[in-house]
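Student: Okay, predicted coordinates and the sequence, questions at the end:
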Amino acid sequence: DGGITQSPKYLFRKEGQNVTLSCEQNLNHDAMYWYRQDPGQGLRLIYYSQIVNDFQKGDIAEGYSVSREKKESFPLTVTSAQKNPTAFYLCASSSHRGEEIHYGYTFGSGTRLTVV
Amino acid sequence: QQQVKQSPQSLIVQKGGISIINCAYENTAFDYFPWYQQFPGKGPALLIAIRPDVSEKKEGRFTISFNKSAKQFSLHIMDSQPGDSATYFCASRAGNTGKLIFGQGTTLQVKP
């Protein structure tokens, strides 16, 4: 079945450590997105990529970095510069095809990151 | 211009009742309005969506009502069930970029 796979499901980070969250999709989608979710604050866009080798900052990009070397993969690195990284991270993808059925996002199951 | 405002933030409904969640948008260039349902610890999943040339869309117990002139749309859940307890997000699509702009979310609790 096609879908988005996020790993790991749970991740623990020590102070000052960089960690990388994986996001892989086999939907042949062009665009991929990373969101951060905190209780009561909805979905906040971190980074997004419309095509391979190109990405743009979202609303809360500080302390995060991404790469898009392959269409299927969009890893997110949470750097030590992110002072409050404990949150639920969601990856999503979407197609650029013009039909309405392709307008929505497909989300992964998320990674819960905790600073210890 | 890019905001989507969602209300209420939380909602408690008795089993069998009607749950109503409202969203308002500002940008008239939005061309697609989906609702997502999210259970705890899971990613959001598309529930139902509507285009601006339609005033209502119904799928089972879920209905979207769309008011283009008021730039508002709402989700109605008929005969609400405890299994509907989840967080619901409305969204609007910016046609020129394909990006979805999400509302803040509504946590629905359906009491048995």
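Tutor: Structure received. Predicted, not measured: the structure shown is a model, and the values here were computed from it. Residues are numbered from 1 along each chain as shown, chains lettered A, B, ... in the order given.

Student: Going by C-alpha atoms from here, please, whenever you check contacts or count neighbours.
Tutor: Fine.

Student: Might one say that residue A:81 is in contact with residue A:63?
Tutor: Yes: at 4.7 Å, residue A:81 counts as touching residue A:63 under the criterion of CA atoms under 8 Å.

Student: which of those two has more neighbours?
Tutor: residue A:63 (16 against 13; other CA atoms under 10 Å in any protein chain shown).

Student: Now the more buried one, what are its backbone angles?
Tutor: Here is the backbone geometry of residue A:63 (degrees, to the nearest 10): phi 90, psi 0.

Student: does it really touch residue A:84, like I thought?
Tutor: No: in this structure, residue A:63 is not within contact of residue A:84 by CA under 8 Å, at 9.4 Å.

Student: residue contacts, residue B:28?
Tutor: Shown in contact with residue B:28 (CA atoms under 8 Å, 6 or more residues apart in numbering or on different chains): residue B:71.

Student: switch to 10 Å and redo it
Tutor: Neighbour list for residue B:28: B:1, B:2, B:52, B:68, B:69, B:71, B:94 [criterion: CA atoms under 10 Å, 6 or more residues apart in numbering or on different chains].

Student: Residue B:82 now?
Tutor: Residue B:82 touches B:13, B:14, B:15, B:16, B:108, B:109, B:110, B:111, B:112, counting by CA under 10 Å, 6+ apart.

Student: joint contacts of residue A:81 and residue A:63?
Tutor: residue A:18.

Student: in chain A, which spans are strands?
Tutor: Assigned by DSSP state E, chain A shows strands spanning A:4-7, A:10-13, A:19-25, A:31-37, A:43-51, A:54-57, A:64-66, A:76-78, A:87-94, A:106-107, A:111-115.

Student: now the longest one against strand A:31-37, angle please.
Tutor: Which is strand A:43-51. Angle, strand A:43-51 to strand A:31-37, by axes from the mean of the first three to the mean of the last three CA atoms, to 10 degrees: 160 degrees.
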